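Engineer: sequence unavailable; structure follows:
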């Protein structure tokens, strides 16, 4: 659930007969984009392209995502069916409710760095399920391509080098991590150097040859257990052997005649994206300017109400009751009635959605979007959480382990790395999935997909995705313009409106006059989107990041 890779390269594969693009791929890295396009040229579909991109990004942007992390995948198949795959990490069997508390206080480091920070990874299981059930090419084909890139190496981009520098002191603590990412003097590798990952290549090839059992319960699992035991960790080979990827029902809401299809719990993204849109449906946004004080104020007030509910109600629906009433239209009308346009409101606590005890959901991050000419669409968000996750590479495997345990509420009211607070609904339990903000989303009009969107940037993932949808639907902006609009974010706690400086001093003054407490940023987040209009694919990368959009 971390800020991470932004998709800044789009390439479209052209249909040989129609002359129209037969597919679209958006990623942050040209190597990953090329891998996805090569997959479609070999007869793969959008699901194959997404898995190719995900595995490749785990090599060339491993500080954000990879085999040691997790992912959420929202797929719209050519036949109109939706498939939602939950590859979120899970707490090890030996995890305890208060495992990060010492002397009654939360140990804020142990959930972020080292042997106790990692959940059981699920990305590989999710990718395998996606291609086995819905792709056209075998997983081993994708893994061999990723292995070749890892073995041959790639030139370290400046952003990658910057992440190494920022985490250097923690990387030094772990022998395999330091050996890969630091030089002989313990300093960060420099941009422009060649980074080869032979151990990761061996892992990819071993899985390709032996199946994912090699990872889940086999040699990788045993190597992980050995390292964890030697360093005070609790993850075992059995945790990996028992990992189960979940296929879930999506969150589906309507907004001004469009249908929004997104990720259910343990993601909070789809629920609160839907909740905020339901609230805003009671206001005529078209009468407002997208950068005006009233527009920003209104959407901010809706964000606050939703994030207050997130802090109390949201968790893994397999373990705790998460009310479907959070996306109820009647509840949204009640919340909309609490908003005052003259000043910022104080949201003291969460709301009470209808049927909250009986109508329940079933018991640094990267996003990539793919679509093909047959009507398959994929929106996928993957992560190891913060940069380089737990900073641990399991020796001999090249796999960077996540630090998703920090996404649990390690102690009620104690903020995590993103300033988010949680309650008992998101408390630690064995086998439980931590709450996430990842919001892979597909938007439909007249039952046809028109937009795939997602973002990176911790809890701002939800609000970035929200703003993109609003700018496209309510204001009719082209994708490039929608992504260039000033961003803002409020997550209830702290009571602070984060906003980009580009809105201008007049707007900032107007918001302060409505009693908003502002924290002004030069830039915030990273959103990518692919759309289809008049039979033509369009894609846009986030202008806050270097990159390009092109056709193939």
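Structural biologist: Thanks, I have the structure now. Given the structure is predicted, the values throughout are model-derived calculations rather than measurements.

Engineer: strands along the stretch 401-550 of the chain, start to end?
Structural biologist: Ranges of strands in the stretch 401-550 of the chain, per DSSP state E, counting those that start in this stretch, are 441-445, 448-456, 488-489, 497-500, 518-521, 526-533, 536-540, 548-549.

Engineer: domain parsing for this structure?
Structural biologist: 9-247+368-426, 249-363+438-452+459-527 (automatic domain parsing).

Engineer: now the last one: how far from the chain's centre is it?
Structural biologist: Domain 249-363+438-452+459-527 has its average C-alpha position 16 Å from the chain's average C-alpha position, going by Cα atoms, centre = their mean, to the nearest Å.

Engineer: so what does the lengthiest helix in the chain touch, helix or strand wise?
Structural biologist: In the chain, ranked by residue count with DSSP state H as the criterion, the top helix is helix 293-313. The elements that helix 293-313 packs onto, with contact taken as 3 or more Cβ pairs under 8 Å, 6 or more residues apart in numbering; DSSP states H and E, are helix 269-280, helix 329-336, helix 460-473, strand 488-489, helix 505-513. Where C-beta positions appear, they are placed from N, C-alpha and C, glycine not excepted.

Engineer: let me see the contact set for residue 32.
Structural biologist: Residue 32 is in contact with 9, 52, 53, 56, 57, 60, 61, 368, counting by Cβ atoms under 8 Å, 6 or more residues apart in numbering.

Engineer: would you list those in CSV and tack on neighbour count?
Structural biologist: Output for these, formatted as CSV (neighbours: other Cβ atoms under 10 Å):
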residue, neighbour count
9, 24
52, 34
53, 32
56, 27
57, 28
60, 27
61, 25
368, 34
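
Engineer: just the ones of these in helices?
Structural biologist: Per DSSP H, these map to helices at 52, 53, 56, 57, 60.

Engineer: contacting residues around the second one?
Structural biologist: In this case it means residue 53. 25, 27, 32, 33, 35, 36, 368, 370, 380.

Engineer: follow-up on the earlier one: and the ones in helices among the contacts of residue 32, which is closest to residue 242?
Structural biologist: For those, the residue nearest residue 242 by Cβ to Cβ is residue 57; the value is 26.8 Å.

Engineer: chain neighbours aside, what residue packs nearest to the closest one?
Structural biologist: residue 32 (4.8 Å; Cβ to Cβ, 6 or more residues apart in numbering).

Engineer: related to what we said a few turns ago, can you add distance to residue 435 and pLDDT and give the ones in helices among the contacts of residue 32 back as JSON lines?
Structural biologist: Listed next are these as JSON lines, based on distance: Cβ to Cβ, whole Å; pLDDT from 0 to 100:
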{"residue": "52", "distance to residue 435": "29", "pLDDT": "96"}
{"residue": "53", "distance to residue 435": "25", "pLDDT": "93"}
{"residue": "56", "distance to residue 435": "28", "pLDDT": "96"}
{"residue": "57", "distance to residue 435": "23", "pLDDT": "94"}
{"residue": "60", "distance to residue 435": "28", "pLDDT": "95"}
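
Engineer: tell me the one of those residues nearest residue 496?
Structural biologist: For the ones in helices among the contacts of residue 32, the nearest to residue 496 is residue 57 (31.8 Å; Cβ to Cβ).

Engineer: list the buried residues for the helix or strand hosting residue 39?
Structural biologist: Taking DSSP states H and E as the criterion, residue 39 maps to helix 30-41. Residues 31, 32, 33, 34, 35, 36, 37, 39, 40 are the ones in helix 30-41 that count as buried (16 or more other Cβ atoms under 10 Å).

Engineer: go on, stretch 125-132?
Structural biologist: By neighbour count on 16+ other Cβ under 10 Å, the buried set for stretch 125-132 is 125, 126, 127, 128, 129, 130, 131.

Engineer: go on, stretch 99-119?
Structural biologist: 99-100, 106, 108, 110-119.

Engineer: distance between the ends of it?
Structural biologist: One end of stretch 99-119 to the other measures 13 Å (Cα to Cα, to the nearest Å).

Engineer: cool, stretch 382-399 as well?
Structural biologist: 15 Å.

Engineer: for stretch 238-256, same thing?
Structural biologist: End-to-end for stretch 238-256, by Cα to Cα: 48 Å.

Engineer: what average pLDDT does that stretch get?
Structural biologist: In this model, stretch 238-256 carries a mean pLDDT of 97.

Engineer: and it, how far out from the chain middle?
Structural biologist: For stretch 238-256 - counting by Cα atoms, centre = their mean - the centre lies 14 Å from the chain centre.

Engineer: low-confidence ranges, the stretch 101-250 of the chain, go.
Structural biologist: Across the stretch 101-250 of the chain, nothing is flagged by pLDDT under 70.

Engineer: make it 90
Structural biologist: In the predicted model of the stretch 101-250 of the chain, residues 101-108, 159 satisfy pLDDT under 90.

Engineer: do a quick rundown of the helices in it.
Structural biologist: Assigned by DSSP state H, counting those that start in this stretch, the helices in the stretch 101-250 of the chain fall at 123-134, 139-152, 158-171, 175-181, 198-210, 219-230, 237-241.

Engineer: wait, which of these is closest to residue 269?
Structural biologist: Closest among the helices of the stretch 101-250 of the chain, once you apply Cβ to Cβ, is helix 123-134, at 16.1 Å.

Engineer: who does that closest one touch, helix- and strand-wise?
Structural biologist: If you count contacts as 3+ Cβ pairs under 8 Å, 6+ apart, helix 123-134 packs onto helix 46-60, strand 70-76, strand 82-87, helix 139-152.

Engineer: distance to residue 289 added to the ones you listed, as JSON lines?
Structural biologist: Shown next, in JSON lines, are those (distance: least, Cβ to Cβ, whole Å):
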{"stretch": "helix 46-60", "distance to residue 289": "36"}
{"stretch": "strand 70-76", "distance to residue 289": "31"}
{"stretch": "strand 82-87", "distance to residue 289": "35"}
{"stretch": "helix 139-152", "distance to residue 289": "46"}
